[in-house]
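Student: Sequence first, predicted coordinates after that:
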Amino acid sequence: MISTVGVIGAGSMGTAVAQSISGRAGEVIIFGRRQEIVDSINHDNHNTMYFPGLRLRPNIRARVMNDRRDLADCEVVIIAVPSSEVRSVVNAAGDGLADRYLITMAKGLEYPSLKTMSEIIREETGNPDIACFSGPTFADEIAYGHIAGATIGVGDDPSLRATMSDLFGEFILDFSDDIRAVELCGVLKNVYAIGTGMWDSVYSNHNEHYTFLNMCYKEMCIFLRAISLDEGIFTKFCCFGDFNLTANVDKSRNRTLGLMVGKKIVKTPYLESGVTFEGSRSVKGIIELAKNHDIDIPIARFVYDVLSGNNNVRISVDTLVRRTA
Ligand SMILES: NC(=O)c1ccc[n+]([C@@H]2O[C@H](COP(=O)([O-])OP(=O)(O)OC[C@H]3O[C@@H](n4cnc5c(N)ncnc54)[C@H](O)[C@@H]3O)[C@@H](O)[C@H]2O)c1
Ligand SMILES: O=P(O)(O)OC[C@H](O)CO
């Protein structure tokens, strides 16, 4: 059993994954920013801000991460902060993240570098022992122990693979050695979830919904075929499973953002809402990446245009239908 696992990020996914792995580790330390969350976990075994009704296992503790020494005891460190924060968090941790296994859960793409989270982490730490975890995994359902599948993106290090299999034994797992492709699945599915929300704000019939879903998945596969080294990526949890979960279920923040923007309930300053809308931050990078690979992704461009306020959703949707018909 792994003695101590650190989880950076005391939000929904950090707390959920801490609960999920705590039966397979001696101790789990959640590193948060807010003292009140740290206190609620340590004094009452609850993260009252994110899961007020969930009693966390007693071997889950929390700390405010002041410096890298806090990570010294952790054999494995999971990074579960929004992608926009990963570089600063990893930079602040410095060599506290060297010589241990690192796992990223963040689903985002840095702009303008177009780097994935594992690439940022490796750049900042020099640590090659990095894996990623991605799949149809709503945090609240993970927190309460429901079944979920996930793809582990990991290189060919047998010890790291074994550690990942052990740590995430509560999940149904598949694996890919193309870490970047696994991470890009998580980025793409968020973009298409926003797009499906926008589409569904205009069209409300089943045929229309699933027609657009197919258009999105086709575009996502064209993109992945151009960049992925893993020919089997299309049927892995990080791809088909997470795309469908996020595009179809209103619990998804990305899908909900698309619905709200489509219905003109929110305008672009929504990014200041404090809610983690990963797809809106990554869509520009996806468009840039597609251009670099000479790939045409009209739906991702539609999402970007509407989020940028350049177009009325209805006009954009009609243009998209004409363009892809
Ligand atoms: N929520 C889910 O269902 C889910 C599932 C799978 C993957 N993810 C991914 O996990 C990542 C985190 O998302 P989330 O849903 O947990 O977001 P969240 O908004 O629920 O929580 C993010 C947490 O990170 C903390 N944080 C932000 N900046 C920080 C910093 N510099 N140092 C320390 N902590 C910091 C915030 O205070 C917050 O507690 C995202 O990339 C998301 O796509 C989320
Ligand atoms: O709420 P979302 O849209 O960020 O999706 C959460 C997870 O990525 C689902 O796998």
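Tutor: Yep, it's here. Numbers count the residues shown, from 1 in each chain. Ligands and ions are numbered 1, 2, ... in the order given.
Student: What's the separation between Glu33 and Ser118?
Tutor: Rather than Glu, residue 33 is Arg. Distance, Arg33 to Ser118, by C-beta to C-beta, to the nearest Å: 23 Å. C-betas here are computed from N, CA, C, even on glycine.
Student: who's more crowded, these two?
Tutor: Comparing Arg33 with Ser118 by other C-beta atoms under 10 Å, the one with more neighbours is Ser118, at 24 against 15.
Student: All the strands of the stretch 51-200 of the chain, residue numbers only.
Tutor: With DSSP state E, counting those that start in this stretch as the criterion, the stretch 51-200 of the chain has strands at 60-64, 76-79, 101-104, 130-134, 149-153, 172-176.
Student: mind putting those strands in CSV, distance to ligand 2 included?
Tutor: Listed next are these as CSV, based on distance: least, C-beta to the nearest ligand atom, whole Å:
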stretch, distance to ligand 2
strand 60-64, 21
strand 76-79, 15
strand 101-104, 13
strand 130-134, 8
strand 149-153, 9
strand 172-176, 14
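Student: Output the longest helix belonging to the chain.
Tutor: Counting by DSSP state H, the longest helix found in the chain is helix 179-202.
Student: I figured Tyr144 hits Leu54, correct?
Tutor: Yes - counting by C-beta atoms under 8 Å, Tyr144 touches Leu54, with 6.9 Å between them.
Student: And the two? Which one has more around it.
Tutor: When neighbours are counted by other C-beta under 10 Å, Tyr144 and Leu54 differ, and Leu54 comes out ahead with 17 against 13.
Student: ok, now how distant is the residue nearest to the more buried one when sequence neighbours are not counted from ligand 1?
Tutor: Setting aside the residues directly before and after it, Leu54 is nearest to Ala143 in space (C-beta to C-beta, 6 or more residues apart in numbering), at 5.5 Å. Using C-beta to the nearest ligand atom, to the nearest Å, we find Ala143 at a distance of 9 Å from ligand 1.
Student: again with Asp44
Tutor: Distance, Asp44 to ligand 1, using C-beta to the nearest ligand atom: 17 Å.
Student: Need the phi and psi values for that residue.
Tutor: phi -140, psi 10 (degrees, to the nearest 10).
Student: State which one residue of the stretch 1-150 of the chain is found closest to ligand 2.
Tutor: Closest to ligand 2 within the stretch 1-150 of the chain is Thr137: 4.6 Å, counting by C-beta to the nearest ligand atom.
Student: so what's that residue up against?
Tutor: By C-beta atoms under 8 Å, 6 or more residues apart in numbering, Thr137 lies in contact with Met13, Ala148, Ala150, Phe171, Asp242.
Student: For the closest residue to the third one other than its chain neighbours, grab the count of nearby residues.
Tutor: I take that to be Ala150. With C-beta to C-beta, 6+ apart as the criterion, Ala150 has its nearest non-adjacent residue at 3.4 Å, and that residue is Gly135. By other C-beta under 10 Å, 24 other residues sit near Gly135.
Student: now do the one 10 residues further on
Tutor: The tally of other residues near Gly145 (other C-beta under 10 Å) stands at 13.
Student: Quick check: it vs Leu54, distance?
Tutor: 10 Å.
Student: who's in contact with Ile37?
Tutor: For Ile37, counting by C-beta under 8 Å, 6+ apart, the contacting residues are Ala10, Asn47, Thr48, Met49, Tyr50, Ala62.
Student: Which residue, other than its chain neighbours, is closest to it?
Tutor: For Ile37, ignoring the flanking residues on the chain, the nearest one in space by C-beta to C-beta, 6+ apart is Ala10 at 4.8 Å.
Student: hang on, the earlier thing: show me whatever sits in contact with both of Gly145 and Leu54.
Tutor: By C-beta under 8 Å, 6+ apart, the residues touching both Gly145 and Leu54 are Gln19.
Student: Show the contacting residues for the one residue in the stretch 151-300 of the chain that gets nearest to ligand 1.
Tutor: Residue of the stretch 151-300 of the chain nearest ligand 1, by C-beta to the nearest ligand atom: Thr276 (3.8 Å). Counting by C-beta under 8 Å, 6+ apart, Thr276 touches Gly11, Pro82, Arg253.
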